[in-house]
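S.K.: need coordinates for the below:
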Amino acid sequence: MEFCDYRIEIIRDTEFRLDGGAMFGIVPRVLWERKCPPDELNRISLNANCLFIDTGSEKILVDTGMGEKWSAKEESIYGIFRKRSFAESLLETAGCTPDDITIVVNTHLHFDHAGGNTIYETTSDTLQFVGIDGSPEQVEPVGSPVPQFPNARYLVSEDELLRAEVPIERDRASYLKENWEPVVRAGQMETRPADFEVVEGLSMTTVRGHSATMQTVRLDRGGRTLYGFADLIPTTAHLPLPWIMGYDLFPVETLEAKRRLLKQAVDENWNCLFYHDPDRPLCTVALGERGPEARAV
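M.R.: Down below sits the predicted model:
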């Protein structure tokens, strides 16, 4: 998709599932299940829609999805249904490989946004072949994770990295060190202030609500705006103002940020990226009879 002089693509990582009650907080199930039917374990289907931007001189990824370092037990817990690797999706959608990426930006370091920062090295020495006849019926990666994008600078706010290194009990399970410590050790991690510009027209802004340090992404080119809400508004089902995740640490601040940003999105006709929406990741927002509504781009 051409966005003035830049090219953008949505790299869809993998389907996974989280508890519907947690995803909608105080909203009763009788309401949210109409939009997001749960499975037998009360989980709703989600995705990780990563933003790829080609400026001509830089190839940028904003967030990297769930990653591929999960055990079979963890895949079952989170309902991860991976049809192909992130590298395969990147090649098919954007026509490039992980080696081509020059900048990776993380809105925050929760596992569903930073899981793809690193990957297990798979060489002949680190593959474990399992099969009765000796064939590679099952291949399990072993060893230590390494940066998946070896030629990229990884950018994250200094406050978010500090939070990830010393998390509180409330969100400790969301911060997995294997998603950023190998990047730091490789010398590829660069910290930035709470608000910063990545390249011309692409900016990151810290918005309190989901956490104290999560950032949203904004791309402005040629009078057009693309705005990625990250986990502030994870899906189009979360457009109603009080539909806020139970995961949010500061839900009242989420509410006020949604009120302000959605009005701006409507007034200025933004293209809006909903990071976790399994069906409609990129939409515009219009004001309907019952509040903000998603419309096709």
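S.K.: so which strand or helix has Leu161?
M.R.: Applying DSSP states H and E as the criterion places Leu161 in helix 158-165.
S.K.: which elements pack onto the helix or strand just after that helix?
M.R.: For helix 158-165, the following helix or strand on the C-terminal side (DSSP H and E) is helix 181-185. Under the contact criterion of 3 or more CB pairs under 8 Å, 6 or more residues apart in numbering; DSSP states H and E, helix 181-185 touches strand 145-147. (Each C-beta comes from the backbone N, C-alpha and C, glycine too.)
S.K.: how about the helix holding Leu161: buried residues?
M.R.: Across helix 158-165, burial judged by 16 or more other CB atoms under 10 Å covers Asp159, Glu160, Leu161, Arg163, Ala164.
S.K.: what would the residues you listed look like in CSV with pLDDT and distance to Leu226?
M.R.: CSV is the format used below for the buried residues of helix 158-165 (pLDDT from 0 to 100; distance: CB to CB, whole Å):
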residue, pLDDT, distance to Leu226
Asp159, 98, 24
Glu160, 98, 21
Leu161, 98, 25
Arg163, 96, 26
Ala164, 97, 26
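S.K.: let me know the closest of the residues you listed to Asn49.
M.R.: For those, the closest approach to Asn49 (CB to CB) belongs to Glu160, at 19.9 Å.
S.K.: so that closest one makes contact with His108?
M.R.: Yes. Using CB atoms under 8 Å, Glu160 is in contact with His108, at 5.3 Å.
S.K.: are there residues contacting both of the two? Which ones?
M.R.: Residues within reach of Glu160 and of His108 at once, by CB atoms under 8 Å, 6 or more residues apart in numbering, are Thr213, Met214, Gln215.
S.K.: wait, Leu18 touches Arg43, no?
M.R.: Yes. At 6.0 Å, Leu18 counts as touching Arg43 under the criterion of CB under 8 Å.
S.K.: now Asp100, nearest residue through space, not along the chain?
M.R.: Leaving aside its sequence neighbours, Asp100 sits nearest to Lys59 (CB to CB, 6 or more residues apart in numbering; 5.4 Å).
S.K.: ok, residues contacting stretch 147-162?
M.R.: Contact partners of stretch 147-162, identified using CB under 8 Å, 6+ apart, comprise 61, 64, 86-87, 98-106, 108-109, 116-119, 180, 182-183, 186, 188-194, 196, 198, 204, 206, 212-215.
S.K.: what does stretch 234-251 give?
M.R.: 21-27, 32, 35-36, 46, 170-171, 208-212, 231, 233, 254-255, 258-259, 262, 274-278, 280, 283, 285, 290-294.
S.K.: and what of stretch 282-297?
M.R.: Stretch 282-297 is contacted from outside by 10, 49, 236, 239-241, 262, 265-266, 269-274, 280, using CB under 8 Å, 6+ apart.
S.K.: give me phi/psi at Thr97?
M.R.: Here is the backbone geometry of Thr97 (degrees, to the nearest 10): phi -110, psi 170.
S.K.: in strands, which of the contacts of stretch 234-251 appear?
M.R.: Taking DSSP state E, the ones among those that sit in strands are Leu46, Cys283, Val285, Gly291, Pro292, Glu293, Ala294.
S.K.: pLDDT-wise, what's the bottom of those residues?
M.R.: Ranked by pLDDT, the ones in strands among the contacts of stretch 234-251 bottom out at Gly291, which has 88.
S.K.: so that one bridges to which residues?
M.R.: Assessed by DSSP bridges, Gly291 has beta-bridge partners Gly288.
S.K.: count residues in the vicinity of it, would you?
M.R.: A count of neighbours around Gly291, defined by other CB atoms under 10 Å, yields 13.
S.K.: just Glu293 next, same as before
M.R.: By other CB under 10 Å, 16 other residues sit near Glu293.
S.K.: same thing with Gly222?
M.R.: For Gly222, using other CB under 10 Å, the count is 10.
S.K.: next one: it from Phe3, what distance?
M.R.: The gap separating Gly222 from Phe3 is 8 Å, by CB to CB, to the nearest Å.
S.K.: what residues do these two have in common as contacts?
M.R.: Counting by CB under 8 Å, 6+ apart, nothing touches both Gly222 and Phe3.
S.K.: need the contact list for the residue nearest to His210 when sequence neighbours are not counted.
M.R.: Nearest residue to His210, sequence neighbours excluded (CB to CB, 6+ apart): Asp231, at 4.2 Å. Asp231 sits next to Thr107, His108, His110, His113, His210, Met214, Met245, Tyr247, Asp248, Tyr275, His276 when contact means CB under 8 Å, 6+ apart.
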